[in-house]
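Q: fold the following for me, if possible:
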Amino acid sequence: MSAVRTARTVVAATLVAGLAATALATPALAAPASAPAKKDHTATQQALQAAVDAGVPGAVAQARDGRTTWTGTAGERGGKDRYRVGSITKTFVATVLLQLQAEDRIDLDDPVEKWLPGVVRGNGHDGRKITVRQLLNHTSGVYSVTSDAGFQEKIFGPGFLEHRYDRWTPKQLVDIAMTHAPDFAPGTDWNYSNTNYVLAGMVIEKVTGRPYGKAVENRIIKPLKLRATSVPGTDVRMPKPSSPAWSKLYTDPNAQVHDVSKLSPTLAYAAGEMISDSNDLQTFYRALLKGKLLPKAELREMTTTVPISPELPGAGYGLGLMKQKLSCGKEVWGHGGGIHGSSSDAQVTRDGSHSIALNFNADWTGDSQTVLEAEFCG
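A: Below is the predicted model of the structure:
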């Protein structure tokens, strides 16, 4: 969800916070010519080390190809480290809403107003004209709270050190977004907005009568036995094992580095608060793409994408899930996520047979796309 790292997570990993865009095509690190096409992760390890050589304190990745599992690390990250996954949270949230639709408890084409009356109003926003589906695929036009200059200064800039433990309600986050005009009329364009998923979490709570995190726990975390995955709520701590998360909190590349491991997850809420590790993330995305979490009809809806940009013809955004075509022609599905001191990515082939999940414990440098290219194309 970080405002510091953006379309690298939409492109190279899906989007994180919804600010400046970065190009998708990053050259892969080629594996040795004699390496077998499968089950060789030399190029992936080289990409992790290259990220550390470029200034990332620590990097970790785990890949599964068929029945084999490989884990690689560089720098100070450990192979079983847990980390904040940022916008990867969005896939969990979208999965819950699709499950609720399959149970006839909600229709994704319901107007947001039906579930959150009066919440999406102001400066041209109108929840009567926006559907829940448009929240999930970022075609709502709702302004992103993380694009607000005041919020950026307090949450992502130097003000973070003073406000890192502040508690935010979802309504407070939405109200900040409502002080701005919409990006466009609903359904007419695409733009990544963290407010969309704050609202999606609020809709889950209205439908179920419980915190959205409980729905994620009961419907996904527990059935898949994701022991390293959690929805922290108001707990500012990181569970062990984990290594520090580092941020400069400034645009100045020479700024001091700060340990930002502890923070109030309420600043991200359903747009990016979850914690996991590389093993659990792969288990989740593989189960999702193999149809273990959703009926066929709902999985079809989730994987129905809208274009992101004419400059990215191979990329599309579904419902909390993005597809991208890599330089070698392979298509992968997943999401990326960034939050203070943490940049993550999880991708899997459409058949669920080959996957990778990775993390850098820094938010000012490191290119996850290079790691993806190395794993799937190297």
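Q: out of the helices and strands in the protein, which is least certain?
A: helix 7-10 (a mean of 38; mean pLDDT, DSSP states H and E).
Q: can you name the element that comes right after that one?
A: Using DSSP states H and E, the helix or strand that follows helix 7-10 in sequence is helix 42-53.
Q: so which elements touch that next one?
A: Contacts defined by 3 or more CB pairs under 8 Å, 6 or more residues apart in numbering; DSSP states H and E place helix 42-53 against strand 58-65, strand 68-75, strand 354-360, helix 368-377. (Glycine included, C-beta is placed from N, CA and C.)
Q: out of these, which gets nearest to Thr188?
A: helix 368-377 (28.8 Å; CB to CB).
Q: between helix 42-53 and that closest one, find me the angle.
A: Taking axes from the mean of the first three to the mean of the last three CA atoms, to 10 degrees, one finds helix 368-377 and helix 42-53 inclined to each other by 170 degrees.
Q: show me what counts as buried in stretch 93-106.
A: Of all the residues in stretch 93-106, those buried under the rule 16 or more other CB atoms under 10 Å are Val93, Ala94, Thr95, Val96, Leu97, Leu98, Gln99, Leu100, Gln101, Ile106.
Q: touching it from outside, list them.
A: Stretch 93-106 is contacted from outside by 107-108, 115, 132, 136, 197, 200-201, 203-204, 207-208, 212, 215-216, 219-220, 270, 288, 293-295, 297-299, 301-302, 319-321, using CB atoms under 8 Å, 6 or more residues apart in numbering.
Q: out of those residues, which end up buried?
A: Buried among the contacts of stretch 93-106 (16+ other CB under 10 Å): 108, 115, 132, 136, 197, 200-201, 203-204, 207-208, 212, 215-216, 219-220, 270, 288, 293-294, 298-299, 301-302, 319-321.
Q: and the gap between Asp345 and Pro307?
A: Per CB to CB, to the nearest Å, Asp345 is found 21 Å from Pro307.
Q: swap that for Cys328, please
A: 22 Å.
Q: what is the burial count for Ala50?
A: 18 (other CB atoms under 10 Å).
Q: these two touch, right, it and Thr370?
A: Yes: the pair Ala50 and Thr370 passes the contact test of CB atoms under 8 Å, sitting 6.8 Å apart.
Q: quick one: which of the contacts of stretch 93-106 sit in strands?
A: Among those, none falls in strands (DSSP state E).
Q: ok, back up a step: between Asp345 and Pro307, which one's more packed in?
A: Per other CB under 10 Å, whichever of Asp345 and Pro307 has more neighbours is Asp345, with 30 against 12.
Q: now the helix or strand where that one lies against strand 354-360, angle please.
A: Element membership for Asp345 (DSSP H and E) is strand 342-349. Strand 342-349 runs at 170 degrees relative to strand 354-360, counting by the same axes, to 10 degrees.
Q: which strands and helices lie in contact with strand 342-349?
A: Taking 3+ CB pairs under 8 Å, 6+ apart as the contact cut, strand 342-349 packs with helix 7-10, strand 83-84, helix 278-289, strand 331-339, strand 354-360, helix 368-377.
Q: indicate which one of these is closest to Pro239.
A: Smallest distance to Pro239 across the helices and strands packed on strand 342-349 (CB to CB): 10.2 Å, for strand 83-84.
Q: where does pLDDT dip in this structure?
A: Applying pLDDT under 70 to the chain picks out residues 1-39.
Q: ok, now with 50
A: The chain contains residues with pLDDT under 50 at 2-37.
Q: from Arg77, how far out is Val236?
A: Applying CB to CB to Val236 and Arg77 gives a distance of 21 Å.
Q: compare the two (neighbour count), which wins?
A: When neighbours are counted by other CB under 10 Å, Val236 and Arg77 differ, and Arg77 comes out ahead with 26 against 14.
Q: what's the burial count for the residue nearest to that one when sequence neighbours are not counted?
A: Excluding the flanking residues, the one nearest Arg77 by CB to CB, 6 or more residues apart in numbering is Gly58, at 3.3 Å. Using other CB under 10 Å, Gly58 has 23 neighbouring residues.
Q: please apply the same query to Phe184.
A: Using other CB under 10 Å, the number of residues around Phe184 comes to 14.
Q: surely it meets Ser140?
A: No: Phe184 lies out of contact with Ser140 (CB under 8 Å); the separation is 9.1 Å.
Q: Lys154: what's it in contact with?
A: Contacts of Lys154 (CB under 8 Å, 6+ apart): Phe160, His163.
Q: measure it to Val85 for me?
A: Distance from Lys154 to Val85, by CB to CB: 22 Å.
Q: again, but for Thr304
A: In terms of CB to CB, Thr304 sits 24 Å off from Val85.
Q: and what of Thr42?
A: With distances taken as CB to CB, Thr42 is found 26 Å from Val85.
Q: who's more crowded, those two?
A: Val85 (33 against 15).
Q: among the helices and strands packed on helix 42-53, which is nearest Thr169?
A: So among the helices and strands packed on helix 42-53, strand 354-360 is nearest, using CB to CB, at 28.4 Å.
Q: other residues contacting the closest one?
A: Contact with strand 354-360 is made by 44, 48, 51, 56, 58-66, 77, 81, 83, 85, 277-279, 281-282, 285-286, 342-349, 366, 368, 371-372, 375-376, as judged by CB under 8 Å, 6+ apart.
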